[in-house]
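Enquirer: Need the 3D shape of this:
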Amino acid sequence: MTIEECYASIGGSYEDVRKRLPSETLVERFVLKFPEDKSYQSLAEALQREEYEDAFKAVHTLKGVVLNLGFVRLGRSSSDLTELLRGKDAQQIDRAQCEELWKQVTEDYEQVIDAINCLR
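Expert: Down below sits the predicted model:
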């Protein structure tokens, strides 16, 4: 799988990331490092503990990383979860909606990780 095919398979925008990173080699290097980013794991742990302020910080970080890498689909789902959690405490969270958005983030994240593993 080429880096462009990887982006196509995950609903990403290779063209956008190439505007930010000047070479295919650099794009590939950052994409291959993405699985090392801990924000997804931090998000999972915070949601499990129902610590929504920590979950917000983690998903906001994840959103920034994936949007900079041009992972559009994962960026969209993490953005939706970010907005749900923004400025709310545990009593204000719609847990059913949070769970649904979390499932979408997880599905999108796993698709990205699978594609990266195929790239290797």
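Enquirer: and E107, what is it in contact with?
Expert: Applying CB atoms under 8 Å, 6 or more residues apart in numbering to E107 gives the contacts S77. From N, CA and C alone the C-beta is placed, and that goes for glycine too.
Enquirer: So which bits of the helix or strand containing E83 are buried?
Expert: Per DSSP states H and E, E83 falls inside helix 72-85. Neighbour-count burial for helix 72-85 flags 72-82, 84-85 (criterion: 16 or more other CB atoms under 10 Å).
Enquirer: what's the answer for stretch 16-26, then?
Expert: Buried residues in stretch 16-26, defined by neighbour count with 16+ other CB under 10 Å: 17-18, 21.
Enquirer: Could you give the separation of stretch 98-114 from the chain centroid?
Expert: Remark: stretch 98-114 is offset 8 Å from the chain centroid, using CA atoms, centre = their mean, to the nearest Å.
Enquirer: Make 59 the starting number, not 1.
Expert: That works, and once the first residue is 59, the last one we named lands at stretch 156-172.
Enquirer: returning to what we had before: ok, the buried residues of helix 130-143 vs E168, which is closest?
Expert: Nearest to E168 among those is L132, at 9.7 Å by CB to CB.
Enquirer: Name all residues that make contact with the residue nearest to K146 when sequence neighbours are not counted.
Expert: Nearest in space to K146, with sequence neighbours left out and distances taken as CB to CB, 6 or more residues apart in numbering, is Y110 at 6.3 Å. Y110 makes contacts with 104, 143, 146-148, 151, as judged by CB under 8 Å, 6+ apart.
Enquirer: one more time with 7 Å
Expert: By CB atoms under 7 Å, 6 or more residues apart in numbering, Y110 lies in contact with 143, 146-148, 151.
Enquirer: Relative to F92, which of the buried residues of stretch 74-84 is nearest.
Expert: Here the nearest of the buried residues of stretch 74-84 to F92, counting by CB to CB, is V75; it sits at 11.5 Å.
Enquirer: measure the residue nearest to that closest one when sequence neighbours are not counted to L84 for me?
Expert: With CB to CB, 6+ apart as the criterion, V75 has its nearest non-adjacent residue at 3.4 Å, and that residue is G128. Distance of G128 to L84, given as CB to CB, to the nearest Å: 13 Å.
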